[in-house]
Structures are given as structure tokens and as C-alpha cells.
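**Student:** build me a model from this:
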Amino acid sequence: MENDKTKISFVTANFVGRALNYSLKPFDWGKAGEATQRLFYGESFEEEFSDIMRIISHAGFKMIDLWTPHLDYMKATQDQIQKAKKILESFSLSVRSFAGGFGNSKREVEKCFQLAHVMGAKILAGLLNEKLLEKAYSLCQEHRIRLAFENHPNRETPEKIKELIGDRKDWFGACVDTGWFATFNIDASEAVRELGKSVFHVHLKDIKAVGAHETCALGDGIVNIPAVISALKEIGYDGYLSIEHEPEYHDPMEDVKKSLHRLREWLRK
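**Tutor:** From the prediction side, this is the model:
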């Protein structure tokens, strides 16, 4: 794994609470995603997309993992897609992956892969309806985009991720979410070793306690991030480390900047 700041990316889902000014109580990811879509798919798209990319760029990032509500594969118009590409270029940002859910029908997953291809993404890192695995495998080969399954609830163990990958290891792999492993009291560094070469992407996330999923700055919680980095080096991982922190009731950027600084320090060791 290179000690290179360009190998660090920003997950735009970090702004999950932004569309509702971090005031949605009780917090609900579905409602927050719907609010984000409403905000982004009206006349305000260009302004809103520019605003978050400006914030990300000014924080020192060059690469993003684009949360699908910020450029929805079923709703984005060709005009919005072209505007998004120009905005990214203006801030010297590139898309490494799409993050989120990738469809519950063949049409949806096709549209997702098509948009990811247009935006230059190399990986889809998130969730997919298991009935669409064969279709997704075909689309991976067609668009030369890899699919990395994330260890969210119901897919919380390395074993379950390996079952999804099956014998399709050329295009299917794992997106390690260190926070979700910790939520289920699974050592993320050991999970990395167990998944080995199947690790295609990494969402570095810290949480405050086992059994919950309250995120925090890297190094402020219970996840041993340096141990995860060591495990990634052991397996020869040379992909991106995506900083993920999704506070429900406040802006994430101060914590993200702290995380970025700490991550660069850890990578120098």
C-alpha cells in the first residue's frame, strides 16, 4: 500500500444528514436519502453538488466515493450528469467508486453500471439484491467495473461476504467497513486477513461502542485503525482507503479533517 495521499478518498455519504440540516430525529437513513434526492434533483442540483465538492476539495481530498443519492442512477438527467463531471473536474476530483445500493431489478443495476462507467468509477462498493448476482457479474465484465460487497447487517461476517463472492473472484470482492465489523464485535484487522486478496475496497470508519453504530473521528473510537492498516499491508492491498464518518446530528468535516491528518501519520509509520 503506497504512502500516497492520493490513495485516500472521501465517502460523500458522510453528508447523509446535511439535506435536513442534521435535525432529523429520530434519524432514519431512508428518509435522509430521500431528502438528499429531493434537494439534488431540482433546480438546485448544480449549486448543491458544487457546494459539497468544494468542501471536499478544500479539505485536501482528490478522490471521492460517490453516494448514489448525490447522483442517482435512476433520476439523474444527462444534463445533470454532464454538470457533475464538469464540477468534479473544476475541483480536481475523481470518482473512485459508487457507494450505496445498486438496484433491486435488472434495469436498475444496468443503469447503475452505466452511470458508474460514465463517471469513471472502477468499483461499486456497497449492497446489491442477491437475485441480481449473475446479472451484475455480466455487467462487471462489460463495463470493466468490479463489485465489492460491504459487510453491512445481514452480511456482517467475512464468511457471508465470501459466500456472495463465490467463484467470481475476478470481478467480485469485499468492501471492508471497519465500523460495521466493530459493531458486531468482529476484529476488523482479522477480517481483512481472512478476506485476503478479495479485499477490493476499504471504508475506514471508527465507532464509539460495540453493538451500536455511532461513528466518530478515526482514532477516537474502539476500532484499531493502525492494526487494520498493518493487516492491509500484509495482504498486499494497494487500493484506496476511504474515510467514512456519518454523524446524524452535526457536520462531519472537522472530524474528517482530523481523521485525514491521523491517517496520513499512521501511513508514514
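
**Student:** helix/strand/coil for residue 57?
**Tutor:** What DSSP: H, G, I helix; E, B strand; the rest coil gives for residue 57 is helix.

**Student:** ah, wrong one, I meant residue 185
**Tutor:** Under three-state DSSP, the three-state class of residue 185 is coil.

**Student:** tell me the secondary structure for the residue nearest the centre of the chain?
**Tutor:** With distances taken as Cα atoms, centre = their mean, the residue of the chain nearest its centroid is residue 99 (4.2 Å). The three-state assignment at residue 99 reads strand, by three-state DSSP.

**Student:** for residue 202, same thing?
**Tutor:** Residue 202 - assigned by three-state DSSP - is strand.

**Student:** can you give me the pLDDT of it?
**Tutor:** Per-residue confidence (pLDDT) for residue 202: 98.

**Student:** if it is in a bridge, with which residues?
**Tutor:** residue 176, residue 241 (DSSP bridges).

**Student:** residue 71: how many residues sit nearby?
**Tutor:** Counted with other Cβ atoms under 10 Å, the neighbours of residue 71 add up to 25. (Each C-beta comes from the backbone N, C-alpha and C, glycine too.)

**Student:** export only the CA atoms of stretch 219-239, formatted as CSV.
**Tutor:** Provided in CSV are the C-alpha atoms of stretch 219-239 (Å, rounded to 0.1, in the frame of the first residue of the first chain):
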residue,chain,number,x,y,z
GLY,A,219,-8.8,7.1,16.5
ASP,A,220,-11.5,8.4,18.8
GLY,A,221,-13.4,5.1,19.0
ILE,A,222,-12.9,1.4,19.5
VAL,A,223,-11.5,0.4,16.1
ASN,A,224,-7.8,-0.2,15.9
ILE,A,225,-7.1,1.6,12.7
PRO,A,226,-3.3,1.2,12.7
ALA,A,227,-3.8,-2.6,13.1
VAL,A,228,-6.2,-2.6,10.1
ILE,A,229,-3.5,-0.7,8.1
SER,A,230,-0.9,-3.3,9.1
ALA,A,231,-3.3,-6.1,8.1
LEU,A,232,-3.9,-4.5,4.7
LYS,A,233,-0.1,-4.2,4.1
GLU,A,234,0.2,-7.9,5.0
ILE,A,235,-2.3,-9.0,2.3
GLY,A,236,-0.7,-6.6,-0.3
TYR,A,237,-3.6,-4.3,-0.5
ASP,A,238,-2.8,-1.3,-2.8
GLY,A,239,-6.2,0.2,-3.2
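
**Student:** give me the buried stretch members for it, please.
**Tutor:** By neighbour count on 16 or more other Cβ atoms under 10 Å, the buried set for stretch 219-239 is 219-221, 223-226, 228-229, 231-232, 235, 237, 239.

**Student:** relative to residue 262, which of those is nearest.
**Tutor:** Of all those, residue 262 sits closest to residue 219, with 5.0 Å by Cβ to Cβ.

**Student:** residue 189 versus the closest one, what's the distance?
**Tutor:** The gap separating residue 219 from residue 189 is 15 Å, by Cβ to Cβ, to the nearest Å.

**Student:** please apply the same query to residue 198.
**Tutor:** 15 Å.

**Student:** and what of residue 14?
**Tutor:** Residue 14 is 23 Å from residue 189, where distance means Cβ to Cβ.

**Student:** the more surrounded of those two?
**Tutor:** Between residue 14 and residue 189, counted using other Cβ under 10 Å, residue 14 has the larger neighbour count: 27 against 22.

**Student:** from residue 54, how far off is the more buried one?
**Tutor:** Distance from residue 14 to residue 54, by Cβ to Cβ: 15 Å.

**Student:** likewise residue 269?
**Tutor:** 32 Å.

**Student:** please tell me how far the residue lying closest to residue 208 once chain neighbours are set aside sits from residue 228.
**Tutor:** Spatially, and ignoring its direct neighbours in sequence, residue 208 is nearest to residue 214 (4.7 Å; Cβ to Cβ, 6 or more residues apart in numbering). Residue 214 sits 19 Å away from residue 228, going by Cβ to Cβ.

**Student:** likewise residue 58?
**Tutor:** 27 Å.

**Student:** many thanks, I have nothing further to ask.
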